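Asks: Quick one: sequence and predicted model below, then my questions.
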Amino acid sequence: MRVKSALAALCLLLVALMTGCAKNANETAAQGGNQQAASSQNNSNPAGKDTLVVAITSDQGTLDPAITMDNSAWKITYPAYERLVEYDGASTEVKASLAKQWKVSKDGLTWTFVLNKDHKFADGTPVDANAVKYSFDRTLKIAKGPVDVYGVIKDVKVIDPTTVQFTLKKSFPPFLSTLAANYGSIVNPKVELQAKNNDMGQNYLADHTMGSGPYQLAEWKKGEYLKLAVNPNSPEKPALKTVFFKIIPDSSAQRLQLEKGEIDFAEGIPVEQLQSIDKMPNATLVKKPSLFVDYIYINTSKGKKELMNPKVRQALSYAIDYPALTKAVQQGYATQMRGPIPEGLWGHDSSAKQYTKDNAKAKALLQQAGVKDLTLDFVYSDNKPWWETEATTVQAYMAEIGVKVNLKKVAYATQREMIDKGDFDLSIGVWSPDFGDPFMFMNYWFDSNNFGLAGNRAFYKNPKVDQLVREAATTNDKTVREKLYKEAQAIVIDDAPYLFLYQKDFLLPMNKEVKGFVYNPMLEGIYNLSQMSK
């Protein structure tokens, strides 16, 4: 009996213990679940406060700064390297970076830079004048994409460890601005240790970085992600310690992950879906004017003879309903151009004349020019998805002032050939600058030496404008250049060789937790990672 009683007592004790343990386990699980839920609510991004995730749509090609001209690759390489100068925040102006000061000779041919002493490559090697010379000599020797910009360099000399001197073949005022572009990146000369078959390390730098920027490429899992980690030798101390560029081709997946807080930026959501982004509780849509412009070429010398008359070209400019056009083709995410130099680039004239829709004035100008029953051929292609809508919309506007427009849709390669030959009356195009200087617009678009695809696609010639833009391209006095470009802008707006349509907005869905993101129109698709936090 005592044994049975003892066994019974033991069983009761075990049951009690098991019940208590189960109860405690359930309470612990419930508490843990509540804590996890609270944690999830407090931190909508599971990546953590020191990690940033950018969703991109495709993998990258080569990352070598001496080769790539692709902004997609630049988003990886730009924060991994430094340059002599850098863009100042959101401005197209440049400021000191590796170089603490510089000077240019009166003839504009010699540029001398004095370097800071506290910059080191990721392996701890100091960045000196020899590294600067090596980087530019390497670019010139490899002779790929960036050489088109730096072909103006005659030679680079090391004056002392902290002083480097460039001699140009001819005066080129935008030279300083080009040094802030990705192809101005300074590469560690030790890349030569990775060279194969005298390739100067091209194969190695295709998927590695060797710079002195605040980050370095830590891992690249092809087809999945690229991972940046902090350069321990950088004088900058970024709040974001790790950055993932996650490859997510599907726009719906990007949208869902942004909504869940699993990514911080979504680069692949189409424009027609962007209006819903601001409705997400944890996301916002970054919207800024870009320097990417859309415009129509009026063939002023090789098209219909009527187009040689500025009054006719002005009439075409007054026929366009610019706000309605941007709404139709860009869902309103664009701003009407005010002259040829877009807002955001120095040299832009905010007081310049801007055409607005005025059919009565357009018809009066055509009458003054003695023109009626005008028929024009409008050549376009499907290179941009919105060009079809744009062409038909312009056709309708022109019909309202009595101008018949025949639409001629051709292959993009054919369109380019026709533009180069001047075989059109009207055609359409887009343009964005390679460096932050009005030279990219004023000299390319209006200098009569640049007829065709070189830039002057209106085949426009005005001796006074030629004089002004050429003088602006040969003086290093910015105040003088700005004055010359302003005078030239007033003339070309009246001469109306182009229909200045709009500059597209920069649009980027972003997690609201991200702080410090600054969009620079010269660095499209590039993030100022070292100044950002969460």
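Replies: Happy to help now that I have it.

Asks: Just the helices from the stretch 401-534 of the chain, written as ranges.
Replies: 412-421, 439-446, 463-472, 478-495 (DSSP state H, counting those that start in this stretch).

Asks: Quickly compare those helices and say which is most buried.
Replies: Among those, ranked by average contacts under mean count of other C-beta atoms under 10 Å, first place goes to helix 439-446 (a mean of 23). The C-beta positions use only the backbone N, C-alpha and C, and glycine is treated the same way.

Asks: What angle do helix 478-495 and it make with each other?
Replies: 40 degrees (axes from the mean of the first three to the mean of the last three C-alpha atoms, to 10 degrees).

Asks: Next secondary structure after the helix or strand bottoming out on mean pLDDT in the chain?
Replies: Lowest by mean pLDDT, DSSP states H and E among the helices and strands of the chain is helix 2-42, with a mean of 39. Counting by DSSP states H and E, the next helix or strand C-terminal to helix 2-42 is strand 51-56.

Asks: Which strands or helices does that following strand pack on?
Replies: helix 71-77, strand 242-247, helix 251-260, strand 265-266 (3 or more C-beta pairs under 8 Å, 6 or more residues apart in numbering; DSSP states H and E).

Asks: tell me the contacts of the residue nearest the centre of the chain?
Replies: For the chain, E524 is the residue whose C-alpha lies nearest the centre (C-alpha atoms, centre = their mean; 1.5 Å). By C-beta atoms under 8 Å, 6 or more residues apart in numbering, the contact list for E524 reads N71, S290, F292, S432, F506.

Asks: ok, and the most crowded of the residues you listed?
Replies: Highest neighbour count within the contacts of E524, by other C-beta atoms under 10 Å: S290, with 21 neighbours.

Asks: tell me the pLDDT at the nearest residue to it once chain neighbours are set aside?
Replies: The shortest distance from S290 to any non-neighbouring residue, by C-beta to C-beta, 6 or more residues apart in numbering, is to F506 (4.3 Å). With respect to pLDDT, F506 scores 92.

Asks: same thing with the one 5 residues further on?
Replies: Looking at N511, its pLDDT is 97.

Asks: and it, how far is that from I248?
Replies: 14 Å (C-beta to C-beta, to the nearest Å).

Asks: swap in G429?
Replies: For G429, the distance to I248 - C-beta to C-beta - is 31 Å.

Asks: Tell me which of the two has more neighbours.
Replies: Taking neighbours as other C-beta under 10 Å, G429 and I248 compare with I248 leading, 25 against 20.

Asks: Quick check: the more buried one touching V54?
Replies: No: with contact defined as C-beta atoms under 8 Å, I248 does not reach V54; the gap is 9.8 Å.

Asks: any common contacting residues for the two?
Replies: I263.

Asks: would Y295 count as being in a strand?
Replies: Yes: checked against DSSP: H, G, I helix; E, B strand; the rest coil, Y295 lies within a strand.

Asks: which residues pair with it across the strands?
Replies: For Y295, the beta-bridge partners are G429, F500 (DSSP bridges).

Asks: now it: how far from E390?
Replies: 11 Å.

Asks: hey, what's in contact with both of those two?
Replies: Joint contacts of Y295 and E390 (C-beta under 8 Å, 6+ apart) are I428, L501.

Asks: State the distance from the residue nearest to S290 to S432.
Replies: 11 Å.

Asks: what does E471 give?
Replies: 25 Å.

Asks: And for G455?
Replies: Distance from G455 to S432, by C-beta to C-beta: 13 Å.

Asks: now swap in M280 and tell me
Replies: 29 Å.

Asks: on that earlier part again, can I get the helices of the stretch 401-534 of the chain in JSON lines including distance to L168 and mean pLDDT?
Replies: Compiled in JSON lines, the helices of the stretch 401-534 of the chain are given as follows (distance: least, C-beta to C-beta, whole Å; pLDDT from 0 to 100):
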{"stretch": "helix 412-421", "distance to L168": "29", "mean pLDDT": "92"}
{"stretch": "helix 439-446", "distance to L168": "14", "mean pLDDT": "94"}
{"stretch": "helix 463-472", "distance to L168": "17", "mean pLDDT": "96"}
{"stretch": "helix 478-495", "distance to L168": "17", "mean pLDDT": "97"}
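
Asks: out of the ones you listed, nearest to Q368?
Replies: helix 478-495 (14.4 Å; C-beta to C-beta).

Asks: Contacts for the closest one, please.
Replies: For helix 478-495, using C-beta under 8 Å, 6+ apart, the contacting residues are 173, 300, 310, 313-314, 339-341, 346-347, 349, 352-353, 438, 442, 445-446, 460, 462, 464-465, 468-469, 471-472, 475, 500.

Asks: Next, the angle from that helix to helix 463-472.
Replies: 160 degrees.

Asks: Would you map the helices across the stretch 201-350 of the chain?
Replies: 202-205, 251-260, 310-318, 322-330.

Asks: now for the longest one, which elements pack on it?
Replies: Helix 251-260 makes packing contacts with strand 51-56, strand 265-266, strand 498-511 when contacts are defined by 3+ C-beta pairs under 8 Å, 6+ apart.

Asks: Could you give me the buried positions within the last one?
Replies: When neighbours are counted by 16 or more other C-beta atoms under 10 Å, the buried residues of strand 498-511 are found to be 498-511.

Asks: Check stretch 120-137 too.
Replies: 120-122, 126-129, 131-137.

Asks: As JSON lines, the residues you listed with secondary structure would be great.
Replies: Shown next, in JSON lines, are those (three-state DSSP):
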{"residue": "K120", "secondary structure": "strand"}
{"residue": "F121", "secondary structure": "coil"}
{"residue": "A122", "secondary structure": "coil"}
{"residue": "P126", "secondary structure": "strand"}
{"residue": "V127", "secondary structure": "coil"}
{"residue": "D128", "secondary structure": "coil"}
{"residue": "A129", "secondary structure": "helix"}
{"residue": "A131", "secondary structure": "helix"}
{"residue": "V132", "secondary structure": "helix"}
{"residue": "K133", "secondary structure": "helix"}
{"residue": "Y134", "secondary structure": "helix"}
{"residue": "S135", "secondary structure": "helix"}
{"residue": "F136", "secondary structure": "helix"}
{"residue": "D137", "secondary structure": "helix"}
